[in-house]
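Enquirer: Okay, sequence plus prediction incoming.
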Amino acid sequence: MTNLSMFHGPNAGYVLELYERYQRDPLSVDAATRAAFERWAPPEATPASAPAASAPAAPAAPAPAAAQLDVTRTVAAARLIRYIRELGHLDARIDPLGSDPPGDLGLQLSIHGVDEEFLAGLPASIVRGPLAAESHNALEGVEKLRAAYSGSIGYETDHIQNFEERSWIREAIESRQFFYGFVSDRRRRELLMRLTEVETFERFLHTNFVGQKRFSLEGCDMLVPMLDSIIRNAALLGTHEVVIGMAHRGRLNVLAHTLGKPYDAILAEFHAANRSDGASPSGKGSVGWAGDVKYHLGAQRTYRESGIESMPITLAPNPSHLEFVNPVVEGRARAAQEQRDRPGAPEQSDRASLAILIHGDAAFPGQGVVAETLNMSRLKGYRTGGTIHIITNNQIGFTTEPSDSRSTLYASDLAKGFEIPIVHVNADDVEACIAVARMAHAYREQFGKDFVIDLVGYRRWGHNEGDEPAFTQPKMYTTIANHATVRQIWADRLIADGLIDAAEAERMIAEVTEKLQQARREAETKPHEDRRPKPAPPGLARRTQTAVPAERLQMLNAALLNRPAGFTINSRLERTLERRRSAFELENGIDWGHAEALAFASILADGIPIRITGQDSERGTFSHRHAVLRDTSTGQAYTPLQTLPQAKASFAIHNSPLSEVAVLGFEYGYSSHAPNTLVLWEAQFGDFANGAQVIIDQFIVSGRAKWSQLPALVLLLPHGYEGQGPEHSSARLERYLQLAADENLRVANCTSAGQYFHLLRRQAALLTSDPRPLIVMSPKSLLRHPRAGSSLHDLAEGHFQRVIDDPTGRERAADVTRLVLCSGKVYIDLLGAPEANSSPSVAVARVEELYSFPEAELRSLLEGYPHLLEVVWLQEEPRNMGAWGYIAPRLRALLPPDLPLLYVGRGESATPAEGSLVEHTLEQARIIALALQGQLQPAVGSLP
């Protein structure tokens, strides 16, 4: 296209319409056309955005008035065609309840100054694409366009910046390439039988278990056949695993028909089977088993259809925090995609797993975790090769209208910001729903990106079958009461086509009902399934060996300091790393970051993969890790732990987006799905975990008791009072201790690099034998503090000590009358205090692991000081925070009744710390002096 003046009539209109598109988005036309338009300006004529009827005729070159009018109106016709493709969804009949679509003036002929007669006189070529070949003129082509873009499917794709993607989608829409197979009698019968199973299951529950919550799928029944289609196509294309996440709406139906959970197992839960089967006499399970309600549970099925021998399908368990399962599923999918049994970075294959997320229409725009998860979809540390999202759109959130729950036209509009295709489909149109499901999977396979299906249906009953929706939506529920189900609509169509008769449709219902009746009879006598995880052998953690021979550590250290030839790093960083060469020769020369690197290296050498993520985790928030080095000249990255000669497994480290809830949920899912991998999440500051509290409360600390999930995720939470104000002092230790029960966690607050080394190695060693999440109150100033450093023999000969005695205490045992117990950084502050060496009657011991409570170790410690007059608990945190409320009653139980237990620390406070460095310094000095030399009254130390 070099001489644009050669085009006339309809062809000129086509060129001008292309030019309009080029002006809006240069990448929307091909490179040759783009180059031509850069050197060309159109003749002065009617502005493209104005109706042709009001345009002054101002041709750039002499031409007959009629020809100029034809060109102007042709441009307007081309504009109409473009509007149908871009905005046709606004006229689509996507509401099964029959509401009028919002429409758009740009979709009307009159607004463009054209009519049907004029369009009939234009060639079909102006429409372009597959539909042009099927049309005799432009009018017929426009009618076909309207049928494609404004039927029971509405497409939104113009927010996608990639021309190839838009072209692929447009071709798929106009060629109807995904509407295959609906002429098959067998396929149509199968769909009716599937819809019969879905509907009859819900109705059986509704009539047999009146008033019980089930969160019915009715109104979005096509979800199950759509999942069938996606999963079948995934299996045929070689996907190894499918991971699904959803809230409670429709979950029982998906469990029954997609996951294959037996009817009798589901019905037994409605019969409230005795959950105490196999439990201790107290009714409490031996490992704290509590279980969960039936519509929160997960399941796994092995898919064996379409010639596929074995493809796991997992539905992740999810609490009532609807969308928080989203990142968990993404983490599971990523774990399934990675090979971790070789050194270097993990090898990822998108084909290895497919993530499917099922959302609610109120939750999708309403809950921020959705946006956080979408943002991760193409980040290198979190991408999973495209997730298929299905919004089961009930057009209502509990009792809330869309106008009160979102600021957008569609529930799916959030996805536009992430350039994700969105397709709205009427949930009563069986063929359209299946075609859209096929399209979503094909797009994911082609482009490796997310795809959103907005399945627009309704909710036949109240939110939980126990409330009356007509109280708040009377008009909607009058319509719903008189609206045929999608199964009935499809059955009527097959009857009208002569494929079946009404009696056969009824026989299908009777067949499914009989299966359910039989399942109910079996459920009434079905013993309760014992899903409790088996407890680990007692004392296993304490017996775990974590020392690494000195020679091996020296070899690992040398390998960590190797770099490619010519690779130059920042000179200050070079000096820091060079100190690690001689650290083994110095007493306490190994700092925190160095100990961590050695721990990671030794774990990789043991064949255990590692994944660590967090905000700035590659460098470390406090510039202590430097796991990824960058060349000062080229910016090239180099990760020593990925080139370690001794490694037998992969190492992955990623800086995360500025997110806590989605990132931590992702790592929880990854850890759950890859139980042989040491997975760590590091908060930028410990209190940042506050933003992920739902993941912590609902998944990490309770997933074992509710769902038998056994992750061993490590949370590194910087903690310590250094005058940085309320927000960056405390990682809220008290919250984790309050949540600790039934051996669900490990909570540690270490004081030395060596202890951290052994803690990490112990966690890695227990991944499969005694997996539990590990919460580490990691340090800030201690990262390079000389008193927190360790020596080579601490790593080569030592082990993790849950309680550490005063190093000189036993020598002075006869003189010690006050035992100060503390945890974490305050111990280092105490060592540096002026009073530290002038109190011979005081011994200071450290509790390094707070949970599980080190009862045996503390009992032994106390027995070593027979002349105690008082025991003091020292902490930096306010009295209503920190460990005091947790540890006081446990310590009290170990002490003789006449031996006082006293508290030293900050007073009760509504905020974790002072906002001034001066005030902090004074307060810190006060509590340390009080612990070492102060006269304490028993009343001060009364239990909380």
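Expert: Received the coordinates, thanks.

Enquirer: What are the contacting residues of stretch 884-893?
Expert: With contact meaning CB atoms under 8 Å, 6 or more residues apart in numbering, stretch 884-893 is reached by 734, 737-738, 740, 821, 847, 850-851, 853, 855, 858, 871, 873, 875, 877, 901, 903, 905, 943-944. To be clear about C-beta, it is placed using only N, CA and C from the backbone, and glycine gets the same treatment.

Enquirer: same question, stretch 458-469
Expert: Contacts of stretch 458-469 (CB under 8 Å, 6+ apart): 96-97, 206, 211-216, 218-220, 249, 394-396, 398-399, 427, 476-477, 480, 483, 485.

Enquirer: So which bits of that stretch are buried?
Expert: For stretch 458-469, burial by neighbour count (16 or more other CB atoms under 10 Å) applies to Y458, R459, R460, W461, G462, H463, N464, E465, P469.

Enquirer: lowest-confidence helix or strand of the protein?
Expert: Least confident helix or strand, the chain: helix 9-24 with a mean of 68, by mean pLDDT, DSSP states H and E.

Enquirer: Show me what the next helix or strand after that helix is packed against.
Expert: Sequence order places helix 31-38 as the next helix or strand after helix 9-24, per DSSP states H and E. With contacts defined as 3 or more CB pairs under 8 Å, 6 or more residues apart in numbering; DSSP states H and E, the packing partners of helix 31-38 are helix 9-24.

Enquirer: how many neighbours does the nearest residue to T478 once chain neighbours are set aside have?
Expert: Closest residue to T478 apart from its sequence neighbours, by CB to CB, 6 or more residues apart in numbering: A470 at 7.6 Å. Using other CB atoms under 10 Å, the number of residues around A470 comes to 14.

Enquirer: ditto for G154
Expert: Neighbours around G154, by other CB under 10 Å: 24.

Enquirer: try the one 10 residues further on
Expert: Applying other CB under 10 Å, we find 11 residues neighbouring E164.

Enquirer: Give me the subset of the contacts of stretch 458-469 that lies in helices.
Expert: Of the positions in these, H206, M476, Y477, I480 sit in helices, assigned by DSSP state H.

Enquirer: Correct me if wrong: the last one contacts E218.
Expert: No - here I480 does not reach E218: they are 9.5 Å apart, not a contact under CB atoms under 8 Å.

Enquirer: Between those two, which has more neighbouring residues?
Expert: Neighbour count, other CB under 10 Å: between I480 and E218, E218 has more, with 24 against 19.

Enquirer: What does the closest residue in space to the more buried one that isn't next to it in sequence show for phi and psi?
Expert: The spatially closest residue to E218, leaving aside those adjacent along the chain, is R460, at 3.9 Å (CB to CB, 6+ apart). Main-chain torsions, R460, degrees, to the nearest 10: phi -70, psi -40.

Enquirer: do G360 as well
Expert: Note on G360: backbone dihedrals following degrees, to the nearest 10 are phi -100, psi 150.

Enquirer: Name all residues that make contact with it.
Expert: A247, R249, L322, E323, I391, T392, N394, G397.

Enquirer: For the first one, which residues are in contact?
Expert: A247 is in contact with N318, S320, L322, E323, V325, I358, H359, G360, A363, counting by CB under 8 Å, 6+ apart.

Enquirer: Of the residues you listed, which is the nearest to E514?
Expert: Lowest distance from E514 to these (CB to CB) belongs to I358, with 29.3 Å.

Enquirer: So the nearest residue to L297 once chain neighbours are set aside: helix, strand or coil?
Expert: Nearest residue to L297, sequence neighbours excluded (CB to CB, 6+ apart): P317, at 5.6 Å. Secondary structure, DSSP: H, G, I helix; E, B strand; the rest coil: P317 is coil.

Enquirer: Hmm, the residue nearest to T478 is touching Y477, no?
Expert: Yes - at 4.6 Å, A470 and Y477 qualify as touching, with contact defined as CB under 8 Å.

Enquirer: Now H424, what are its backbone angles?
Expert: phi -100, psi 130.

Enquirer: partner residues bridging it?
Expert: Using DSSP bridges, the beta-bridge partners of H424 come out as G154, D454.

Enquirer: just to revisit the earlier point, from the contacts of stretch 458-469, which ones fall inside strands?
Expert: Among the contacts of stretch 458-469, DSSP state E puts none in strands.

Enquirer: Just the buried residues of stretch 554-569, please?
Expert: Buried, per 16+ other CB under 10 Å, within stretch 554-569: L556, N557, A559, L560, R563, I569.

Enquirer: again, but for stretch 767-782
Expert: Using 16+ other CB under 10 Å as the test for burial, stretch 767-782 gives 767, 770-782.

Enquirer: Same check on stretch 628-645?
Expert: By neighbour count on 16+ other CB under 10 Å, the buried set for stretch 628-645 is V628, L629, R630, D631, T639, P640, L641, Q642, T643, L644.
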